[in-house]
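In: take this sequence and fold it.
(chains A and B)
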Amino acid sequence: MRAAWFAKLPAKSRLAALDTRAGRVALWVMGVTGFVLGFVYHGIVFLSGKPAAMGLAISYNVVVLLAAAALWLLLSLLFQRRPASTARLFWSTLFVGGVVLGSSWLVSLIGRPSAAMAYTAGFDYETGVPLTLATVLKMNLLSLLEVTFAFVLLLRFRDLVLFKRSRSSQRNWYLMLGLMVFASLLVFMRPPQSETHWLDGVVMVPAVLFMVINSFRLSWIVFLSFREKIASIGLSLLLLVLLAFKLASMDDAMAMGVIDITYFAYYSQPLIVFSTLALIFGILYCTTAFLSLLFHLPTTGDFQRKEDELAAMHSLTNLVSQVFDLERLLATIAASPVEAGAASATWLAVRDLGSGSLRPQIVATHNMDPVRVMELVDVQAFYDELSPSREPLLLEQAPADHRISAGPGEGIGSLLVIPLVARDEMLGALFVTSEVAHGFEKDDVRAMGVFAAQAALALDNARLFEEQVEKERLERELSIAREVQQKLLPQCLPVIEGASICASSVPAQEVGGDYYDYVHLGPHRLAFIVADVSGKGASAAFYMAELQGVFKAIAPIAPDPKDFLSHANRALSETLEKNVFISVLYGVLDTQKEELVLARAGHCPAATIDLNGSARFLRTRGLGLGLDNGPLFRKTLAVERHRLQPGDVFVLYTDGVVESRSPQGEEYGYERLLDALRENRHEDADTLHDAVLAHLNGFIVEGDYGDDMTLLVLKWHGITLPSAKEQRANGAENPVAGSRGDGSESQENSVPAVPASTKA
Amino acid sequence: MSSFSVGFRSSGVVQILELNGELDAHTASELEAAIQKCQSDKQYHIIVNGENLQYISSAGLGVFMAYIEEVRDEGGDIKIAALRPKVYNVFDLLGFPMLFDIMETEAEALQKFTDGAS
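Out: Below is the predicted model of the structure:
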């Protein structure tokens, strides 16, 4: 968690370009070549015994500076690839410093200069020419070490200075580096013994100014733990001593006697200036860091707590967006206050959202067993007290409250109850306990309130999500139910000599209570039914399915209308709810006798029209199925017999036809139905069926029947129709083209597509 | 959305329910509640006045079927009065006149209760 901020550092675009294998190899080659060339140069000077020519000297200085730049970039890439935590930055810098110091000391042991040469450390005072080979070796190695350390120091501290960087802090840092480089380049090619120029001082001032500014970039301290702060204090102090020692040895090379800075001075003036400036910055930064760490030490606990609270809040806020698992969410809500260190135990009581019961259930606990909670605390009482006010309730001395049966020392010293309110509804309550009395400060209560608001939001989202899932599940179920119901309706239209039949059914909802069907009773007889279960939707659909079974089973064995309807009434009365009934029109067509027998059990009367346009409703007596399960049903049922004349049309329908309303609220009604029939009575069944539906749809809002709608048209052509013979030759029943009674389809196309009917 | 309301009125021991508006699947529960209230008040002599009932669906008719048995078991009855022709037609199609006393006026229905009681 603490190292996470590294991830947020923007990638350095310029460096990133170099951070490829090829880039790194190029930098290595450049650095190594540069330093090797430097060594060779000094070797040549040593061997020749006199200073190099001007041109060669300039080239040397440029090459060495380029090598140093390559080294800087290599180190920069290295540290960028391996970021360290703030506490470790001090440690690694100190470590490198120690290694450099030790190595320098070891190197300085090589070929100690004789007493005569001691003052100039093995260089000719006049010309600066190294006098021994050891001097050449030492000056190269020592300089490399010094430069490396200066770079490591700066690059490591850069991560501290640029912690939580802003545009201005970044600008200050690069300005400081720029000024340091500028000051270093001013002494390019200057001999080590020369006096300092007044310009050097002038340039130094802004560089130091920016060093001071950057030294106060210490925001990383706040995020350290107590232990890390202690460690950082020690490390920064040690580093301070080390840096001060190095700086002192820079000032007066001989005085310290350990490392002779003279070697470095003869190597490259700009580099020594840069290194010195880096040391000064290091000392400044270590000093401010040390002092700041010291002052922050006492408040670490508070910062730590706030940070933990923030982290807990943060984790919950994250959860809001991933509420797919209600169980996990509840557990997290209960756990967060304890994890934030603000409570010793928590539990969450939520109203049973499914049943709507007002009794709160303990759905999650942390650090306390749910059974024990029930034993010790009257959750219901607290919940009831909270419900009207919806304000947090704080018991400073919980054991004294009558609703808490825990004695002192049983883990509930003080209790805080916070309502979880979302969208003006109290979803539950969060119970937070502390082991000690007066365990919650004012700001704890406030923080917990904020937390509870977040938690309530998350809970509400989770609930909505579950509801949505449930809704989608129901929709899927309904669409399956719809398919199943469609299969209960006839898939083919019947073929019977001398007659044509066409029918369709459209449920008002996914499933409905309308039913129509046929069953062959032999080559010349056909039983047919149109029925309407009271109500609509799923319950009606179940009874419709039951009726379908009854029709298919009973009609073939008891085809007589009176028998069939009485059997059906008895069978269905047992299962129908008291407030549910089924109206039925049942008929038997006999093509041999040229007779149609029809009975009406509470259903809308069938309409009939003959070739001359004489139309009427067949309103015979009869109770709906399920209204009476005694003898009354059979006794009151009337049966009507018709001698069929060619051209006779019978129209059976449900109230979805006659009760469908126009946009103005007017019902389609019986008269309009007869009008439509009169107009189209010469057509065959399917054309007539379509014409009636078109007439109906022209009157209402297209497809919006308001109720389940079923329409069956039967036309008697007489048995001599030529088309009947054709049909017979073709074989059995025609499959329904564009299956009828498909609600969605029919509702989209106001008038169902070409009806599938069979002319017989 | 269809609107529906039930008005309560009493004439002697007879509780009169005045139906207003459209009685369908959505509003059936209001009539159910009204009849349940009569039952809990031990009022089993009920007249449903349909003078202002504009429409009734099969679900609305179901309410009468749901309670008639209980009410008759308690020695009472639900009589229906003053239906508009169109609404009466719906009752009639299903054969309700064979199961219920459906009178042209409320007074006739009241008279029927009096006759029955004597």
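In: how about the strands of chain B, start to end?
Out: Assigned by DSSP state E, chain B shows strands spanning B:4-11, B:14-23, B:45-56, B:77-81, B:102-103.
In: need those in TSV with distance to residue A:596, mean neighbour count and mean pLDDT, can you?
Out: In short, each C-beta sits where N, CA and C put it, glycine included. Converted to TSV, the strands of chain B look like this (distance: least, Cβ to Cβ, whole Å; neighbours: other Cβ atoms under 10 Å in any protein chain shown; pLDDT from 0 to 100):
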stretch	distance to residue A:596	mean neighbour count	mean pLDDT
strand B:4-11	40	15	91
strand B:14-23	35	21	94
strand B:45-56	31	22	94
strand B:77-81	34	22	95
strand B:102-103	31	19	94
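In: could I get those as JSON lines with distance to residue A:674?
Out: Below are the strands of chain B laid out as JSON lines (distance: least, Cβ to Cβ, whole Å):
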{"stretch": "strand B:4-11", "distance to residue A:674": "31"}
{"stretch": "strand B:14-23", "distance to residue A:674": "25"}
{"stretch": "strand B:45-56", "distance to residue A:674": "22"}
{"stretch": "strand B:77-81", "distance to residue A:674": "29"}
{"stretch": "strand B:102-103", "distance to residue A:674": "27"}
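In: how about those strands, which one is nearest residue A:492?
Out: strand B:45-56 (36.7 Å; Cβ to Cβ).
In: for the closest one, name the packing helices and strands.
Out: Using 3 or more Cβ pairs under 8 Å, 6 or more residues apart in numbering or on different chains; DSSP states H and E, the elements in contact with strand B:45-56 are strand B:14-23, strand B:77-81, helix B:85-93, helix B:106-117.
In: what about the shortest one and chain A, touching?
Out: No. For a cut-off given as Cβ under 8 Å from any Cβ of the partner chain, strand B:77-81 has no contacts with chain A; the smallest distance is 13.1 Å.
In: picking that back up, okay, the helices and strands packed on strand B:45-56 in a markdown table with distance to residue B:70 next?
Out: Output for those, formatted as a markdown table (distance: least, Cβ to Cβ, whole Å):
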| stretch | distance to residue B:70 |
| --- | --- |
| strand B:14-23 | 15 |
| strand B:77-81 | 10 |
| helix B:85-93 | 20 |
| helix B:106-117 | 18 |
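In: residue A:713: which of these is closest?
Out: Among the helices and strands packed on strand B:45-56, helix B:85-93 sits nearest to residue A:713 (Cβ to Cβ), with 20.4 Å.
In: the inter-axis angle of that closest one versus strand B:45-56?
Out: Relative orientation of helix B:85-93 versus strand B:45-56 (axes from the mean of the first three to the mean of the last three Cα atoms, to 10 degrees): 110 degrees.
In: contact partners for residue A:239?
Out: Residues near residue A:239 by Cβ atoms under 8 Å, 6 or more residues apart in numbering or on different chains: A:90, A:93-94, A:97, A:282, A:286.
In: could you redo the last one with a cut-off of 6 Å?
Out: A:94, A:286 (Cβ atoms under 6 Å, 6 or more residues apart in numbering or on different chains).
In: what's the spacing between it and chain B?
Out: Here residue A:239 is placed at a distance of 80 Å from chain B (Cβ to the nearest Cβ, to the nearest Å).
In: need the pLDDT of that residue.
Out: Among the per-residue scores, residue A:239 holds a pLDDT of 90.
In: how about the one 4 residues further on?
Out: Predicted confidence (pLDDT) for residue A:243: 88.
In: distance of it from residue A:86?
Out: 18 Å (Cβ to Cβ, to the nearest Å).
In: repeat that for residue A:302.
Out: Look at residue A:302 and residue A:86: by Cβ to Cβ, they are 19 Å apart.
In: for residue A:550, same thing?
Out: Taking Cβ to Cβ, one finds residue A:550 at 83 Å from residue A:86.
In: just for chain A, where's the confidence low?
Out: A:1-18, A:111-122, A:125-126, A:192-196, A:250-261, A:305-307, A:309-310, A:312-324, A:353-358, A:719-760 (pLDDT under 70).
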